[in-house]
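K.L.:
Quick one: sequence plus predicted model below, questions after.
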Protein chains: 2
Amino acid sequence: MWIRRSRVAPLGQQLYDGIRHAILRGRLLPGARLPSSRELATREGVARNTVLRVFEQLLEEGYLVGRHGAGTFVAPELPDDLLALVGSSTRSVPTPGRPPRMSRRGRQLAALTPSWAPERPPLPYDFRYGRPSLPDFPLRTWRRLLAECTRDTSGSDLDYGEAAGHPGLREAIAGYLARSRAVRCRPEQVVVVHGSQQALALTTDVLLDPGDRVLVEEPGYAGATAAFRAAGVQIVVGRVGTEGLDLGTVDRRRLRGVRLVYVTPSHQFPTGVIMPLAQRLSLLRWAERTGAWIFEDDYDSEFRFRAPPVESLQGLDQHGTVVYAGTFSKVLFPALRIGYLVLPEPLVHTFTKSKALHDTGTAGLEQRVLERFIRAGHFERHLRRSRARNAVRRAVLLDQLSHHFGENIEISGGNAGLHVMLRLPGLAPAVEPILIERAAAAGVGIYSPAAFYQEPTHRDAAALMLGYASLSPERIQRGVARLAQAIGGLLAANGTVTPRRSSRPARTSSGRSSITK
Amino acid sequence: MWIRRSRVAPLGQQLYDGIRHAILRGRLLPGARLPSSRELATREGVARNTVLRVFEQLLEEGYLVGRHGAGTFVAPELPDDLLALVGSSTRSVPTPGRPPRMSRRGRQLAALTPSWAPERPPLPYDFRYGRPSLPDFPLRTWRRLLAECTRDTSGSDLDYGEAAGHPGLREAIAGYLARSRAVRCRPEQVVVVHGSQQALALTTDVLLDPGDRVLVEEPGYAGATAAFRAAGVQIVVGRVGTEGLDLGTVDRRRLRGVRLVYVTPSHQFPTGVIMPLAQRLSLLRWAERTGAWIFEDDYDSEFRFRAPPVESLQGLDQHGTVVYAGTFSKVLFPALRIGYLVLPEPLVHTFTKSKALHDTGTAGLEQRVLERFIRAGHFERHLRRSRARNAVRRAVLLDQLSHHFGENIEISGGNAGLHVMLRLPGLAPAVEPILIERAAAAGVGIYSPAAFYQEPTHRDAAALMLGYASLSPERIQRGVARLAQAIGGLLAANGTVTPRRSSRPARTSSGRSSITK
């Protein structure tokens, strides 16, 4: 009997499994004749049609053969290794027979430490960077638009969309960028991608060959460096000074062959430095002269606290050298996975094909929801509100840091973005793990920028990164107080820095902060 | 006056633009002194704080410099090419200054004809293949789950998720695959991807080096071949016979170096042939012996009409040689952009990193909706219903084809999937465009498989592809009648085939369709 009434599977499925297993386990030998369908139907207590269907399946799969007029038989020409499969379907996981043979890129990936995504469980006072304020997000409005869009969904909305993205969304993005970021583009130059990491992946595909040189910021965004390394390109580092990436720090010979430079001019990651206009223009001039591409990662430039955002490189570019990338991960929410590229016209077509080969296109529903969200003004309203809230958080953080640490720290990156970097002059980078551990013990999450350096010798002092968007002002206040309790002694006791003077504000590295009149 | 009351922009923005443009256009020369903030505020009729904010912004961007006690000046060290930017912000698009310098892959992409996505406007009777039946999709249920999931959205749902996919969805997929596809895997082996095209992109990344040999089916899925070509791998073709890919047709020497073989064993694309068990086992044995990987693209195997689906290669694999890919595009809807990889354990980690570098991870909401959809049984219920409906569509199509074309055509692929292929013996492939054009003139969409051949000489007769999932039975009936009117004469008049006999069914190429008793 192949059918057990106790099992929940349909009878046909049970019969199929039973006969198949009997063959695989050698209980039914090659050439053996099976009972007739009528006989089997009676024996197993199932409809004859069910038996016929099962026979047909097993015939098609080659387990059985039918000889006209003679009956149904176990296939005689079953390959030898069929019997080696005995019990295969009872094991749940295939055993690896050999170490996997991967590509060069695969081996590079395997060896990669994913340092760009710290994966510690959150602490009560977690100054984790790279996260927007999720409670600020107008979830109710988003839900309403989601409901509207799903209600309005028509057949064509469910079908494959354009690889470059939903035309309405591309238009809405182009409009927003023109209004707020001085990006000059037609909607056709916008390619919707799954976040800025995919923007990097497509750019690597289309513009870089293995062995090419790419200039990155030091320190810089590790997600970008990892993408470049995995593609087998050579990394050339340029130090970041108070005015952003400084080409003057790069060995002339190494600079010569550079095919692409990756920059975060609006809020350098992780230092937070803003690249001034003169530096932007000289970078553009250099790119134009050498034929290098500029990848402008404008990942969180929407947040700028003392004035409107600085003009983008893309908006200053006259020669189509800038590939501009932005993301909604930092201003809406990361799980949305929507970002965009703004491309020089001659690249649009090839990037679109690359996107098509990467994943055919971005999911439809979120694109339509986002389009409505932007068009109805919710996006810019959310930005304004969230900018105001983050300005309060930032002010509280800077004030509290100043109050508790005074001149023991130097703050950079406080004028834009959603995190600041604290430099601890006189303390070696090696103390960072101790500081982080002590802070964690007090429930405070702080982060080291060590992973963002290609070359540890480029560091002259310990530093810490503190993101603040996901914390309330009260929590920021208490968090910094706890942090001061936990590590303040280490900073002040170091001896190379003056003792804490709480009345004196912390210095900011932005420099030109005083204006005339 | 820099501010025009007629403009809608905020006054600060207007003032900023006005001063900046005056500098860029040379109306304010380097070194020129600006009016004091007080003076300017009076002159322009704005608050002094507004002027101060604008000054601060322009100072930070390097347009202005402040000299303590002396006032505010246009920066003297503005680079020369600043003046070259005159009028830049009035132009809407940067002019390309040179032909874009792309990577080898970029140039390959640029040259690629995207043959895998026919982009003709739909016809009234459009037998377009590769599309599910969107009206069959339980949109109401999906909407309800979407609403539930958005209502239940918590902060962590909005945050970055795991690169390999939402754990709950991976579990639901593993469960479904075990129940219905005899895929043996733990949830940890499932990596959620943006459709099967991304499954191919990740596989290419991790397993293939440029110059490696990849064996593809001839004819075969052009989206796969395009992905391989763009990665610079060498394509080796194996002919598809009545039992699927036939290794015996491949030149021994070319077969030797093959690193990966791409197959669609459950419903070969485009012929629809099903690979029998013996061929599956011999393919596995060959892969195990040579160390080649097998990429099993199970793109629409859920649809099988005369028995449960054939067991997957993955389920038969004992040595971890199979990378299994499936997609929800054909069973739910393409705009969802969710598919999955099932990986041998030793590859999971590296594929996850590759996914992280491709796009950080798949969007969150759809993953949660899909998890609920599967767990609540809606998915398998939808599959059953949609299988039944497609079985009716298929039966009508086969019946009508048989009725109108009789022995002038040979049908393959009618037992599975969502399209059939008609071979037109005696007609040269060159007539396909004529047939397609005539059919289109009668409002009927039919498709040539020409793009799926690497080598045109491999074709011995004209053929047509007809998808049927998106048409009602009535429309299929009328469509085939119209098709017969439009092209029937050409087929019958060819002379090498016998005249139409409508009482005789069209032959199907599946062969063993009669069973004993």
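P.N.:
Perfect, thanks for sending it. Numbers count the residues shown, from 1 in each chain, chains lettered A, B, ... in the order given.
K.L.:
Give me the average confidence score over stretch A:33-41.
P.N.:
For stretch A:33-41, the mean per-residue pLDDT is 87.
K.L.:
do the same with stretch A:271-289
P.N.:
Computed over stretch A:271-289, the average pLDDT equals 91.
K.L.:
Is it positioned near chain B?
P.N.:
Yes. Judged by CB under 8 Å from any CB of the partner chain, stretch A:271-289 comes into contact with chain B through A:Ile274, A:Pro276, A:Leu277, A:Ala278, A:Gln279, A:Leu281, A:Ser282, A:Leu284, A:Arg285, A:Glu288. Where C-beta positions appear, they are placed from N, C-alpha and C, glycine not excepted.
K.L.:
Stretch A:376-391 now?
P.N.:
No. Judged by CB under 8 Å from any CB, stretch A:376-391 stays clear of chain B, getting no closer than 11.1 Å.
K.L.:
Mind exporting the C-alpha coordinates of that stretch to PDB?
P.N.:
Taking C-alpha atoms only, stretch A:376-391 is exported to PDB below (Å, rounded to 0.1, in the frame of the first residue of the first chain):
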ATOM      1  CA  ALA A 376       1.000  66.300  -3.500                       C
ATOM      2  CA  GLY A 377       3.700  68.300  -1.700                       C
ATOM      3  CA  HIS A 378       4.000  65.800   1.200                       C
ATOM      4  CA  PHE A 379       7.600  65.100   0.600                       C
ATOM      5  CA  GLU A 380       8.800  68.700   0.800                       C
ATOM      6  CA  ARG A 381       6.500  69.300   3.700                       C
ATOM      7  CA  HIS A 382       8.000  66.300   5.500                       C
ATOM      8  CA  LEU A 383      11.500  67.500   4.700                       C
ATOM      9  CA  ARG A 384      10.800  70.900   6.200                       C
ATOM     10  CA  ARG A 385       9.300  69.500   9.300                       C
ATOM     11  CA  SER A 386      12.000  66.900   9.700                       C
ATOM     12  CA  ARG A 387      14.700  69.400   9.000                       C
ATOM     13  CA  ALA A 388      13.300  71.600  11.800                       C
ATOM     14  CA  ARG A 389      13.100  68.600  14.200                       C
ATOM     15  CA  ASN A 390      16.600  67.500  13.300                       C
ATOM     16  CA  ALA A 391      17.800  71.000  13.800                       C
END
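K.L.:
Flag every buried residue along it.
P.N.:
Buried residues in stretch A:376-391, counting neighbours by 16 or more other CB atoms under 10 Å in any protein chain shown, are found at A:His378, A:Phe379, A:His382, A:Leu383, A:Ser386, A:Arg387, A:Arg389, A:Asn390.
K.L.:
contacting residues around that stretch?
P.N.:
A:132-133, A:136-138, A:141, A:145, A:176, A:179-180, A:302-305, A:331-332, A:370, A:373-374, A:418, A:468-469 (CB atoms under 8 Å, 6 or more residues apart in numbering or on different chains).
K.L.:
If any of these are buried, put those into a PyMOL selection.
P.N.:
Entered in PyMOL, the line below selects the buried ones among these, by 16+ other CB under 10 Å:
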select buried, chain A and resi 132+133+136+137+138+145+176+302+303+304+331+332+370+373+374+418+468+469
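K.L.:
Please pick the buried ones from the residues of stretch A:271-289 next to chain B.
P.N.:
A:Ile274, A:Pro276, A:Leu277, A:Ala278, A:Gln279, A:Leu281, A:Leu284, A:Arg285, A:Glu288.
K.L.:
For the last one, which non-adjacent residue is closest in space?
P.N.:
In space, and not counting its chain neighbours, A:Glu288 is closest to A:His319: 4.9 Å by CB to CB, 6 or more residues apart in numbering or on different chains.
K.L.:
Please give the element, helix or strand, for that neighbour.
P.N.:
Assessed by DSSP states H and E, A:His319 sits outside every helix and strand.
K.L.:
again with A:Tyr176
P.N.:
helix A:167-181.
K.L.:
Would you mark the buried spots in that helix?
P.N.:
For helix A:167-181, by 16+ other CB under 10 Å, it's A:Pro167, A:Gly168, A:Leu169, A:Arg170, A:Glu171, A:Ala172, A:Ile173, A:Ala174, A:Tyr176, A:Leu177, A:Arg181.
K.L.:
which ones are touching the closest residue in space to the last one that isn't next to it in sequence?
P.N.:
What it means is A:Arg181. Excluding the flanking residues, the one nearest A:Arg181 by CB to CB, 6+ apart is A:Ser312, at 5.3 Å. By CB under 8 Å, 6+ apart, the contact set of A:Ser312 is A:Arg181, A:Ala182, A:Val183, A:Pro265, A:Ser266, A:Glu296, A:Asp298, A:Ser301, A:Tyr324.
K.L.:
ok, these vs chain B, which is closest?
P.N.:
For the contacts of A:Ser312, the residue nearest chain B by CB to the nearest CB is A:Ala182; the value is 6.9 Å.
K.L.:
Just send the residues of stretch A:271-289 next to chain B back as TSV, with secondary structure too.
P.N.:
Below are those laid out as TSV (DSSP: H, G, I helix; E, B strand; the rest coil):
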residue	secondary structure
A:Ile274	coil
A:Pro276	coil
A:Leu277	helix
A:Ala278	helix
A:Gln279	helix
A:Leu281	helix
A:Ser282	helix
A:Leu284	helix
A:Arg285	helix
A:Glu288	helix
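K.L.:
Need the max-distance pair from those residues.
P.N.:
A:Ile274 and A:Glu288 (22.3 Å; CB to CB).
K.L.:
Stretch A:55-64 vs chain B: in contact?
P.N.:
Yes. Using CB under 8 Å from any CB, stretch A:55-64 reaches chain B at A:Phe55, A:Glu56, A:Gln57, A:Leu59, A:Glu60, A:Glu61, A:Gly62, A:Tyr63.
K.L.:
what about A:Gly339, distance to A:Ser133?
P.N.:
19 Å (CB to CB, to the nearest Å).
K.L.:
just A:Phe351 next, same as before
P.N.:
For A:Phe351 relative to A:Ser133 (CB to CB), the value is 32 Å.
K.L.:
With respect to pLDDT, which of the contacts of A:Ser312 ranks lowest?
P.N.:
A:Ser301 (75).
K.L.:
SS state for it?
P.N.:
A:Ser301 ends up coil, using three-state DSSP.
K.L.:
Same question for the one 10 residues further on.
P.N.:
When classified by three-state DSSP, A:Glu311 comes out as coil.
K.L.:
Identify the residue nearest it in space, chain neighbours excluded?
P.N.:
A:Glu311's closest residue in space is A:Ala182 (CB to CB, 6+ apart), at 4.4 Å.
K.L.:
Just give me the neighbour total for that neighbour.
P.N.:
19 (other CB atoms under 10 Å in any protein chain shown).
K.L.:
Quick check on it: phi, psi?
P.N.:
Backbone geometry at A:Ala182, expressed as degrees, to the nearest 10, gives phi 50, psi 30.
K.L.:
my guess is it contacts A:Tyr324, does it?
P.N.:
No. Counting by CB atoms under 8 Å, A:Ala182 sits too far from A:Tyr324 to count as a contact (10.9 Å).
K.L.:
Nearest spatial neighbour of the residue nearest to the spatial centre of chain A, chain-adjacent residues omitted?
P.N.:
With distances taken as CA atoms, centre = their mean, A:Gln197 lies nearest the centre of chain A, 4.9 Å away. Spatial nearest neighbour of A:Gln197, chain neighbours left out: B:Thr360 (4.6 Å); criterion: CB to CB, 6+ apart.
K.L.:
Quick one: residues contacting the one you found.
P.N.:
Residues near B:Thr360 by CB under 8 Å, 6+ apart: A:His194, A:Gly195, A:Gln197, A:Gln198, A:Pro334, A:Arg337, B:Tyr160, B:Ala163.
K.L.:
On the pLDDT front, check the second one for me.
P.N.:
At A:Gly195, the model reports a pLDDT of 90.
K.L.:
Nearest to A:Leu207 among the residues of stretch A:271-289 next to chain B?
P.N.:
Looking across the residues of stretch A:271-289 next to chain B and measuring by CB to CB, the closest to A:Leu207 is A:Glu288, at 15.9 Å.
K.L.:
I'd say the closest one and A:Thr321 touch.
P.N.:
Yes. Taking contacts as CB under 8 Å, A:Glu288 lies within contact range of A:Thr321: 5.9 Å.
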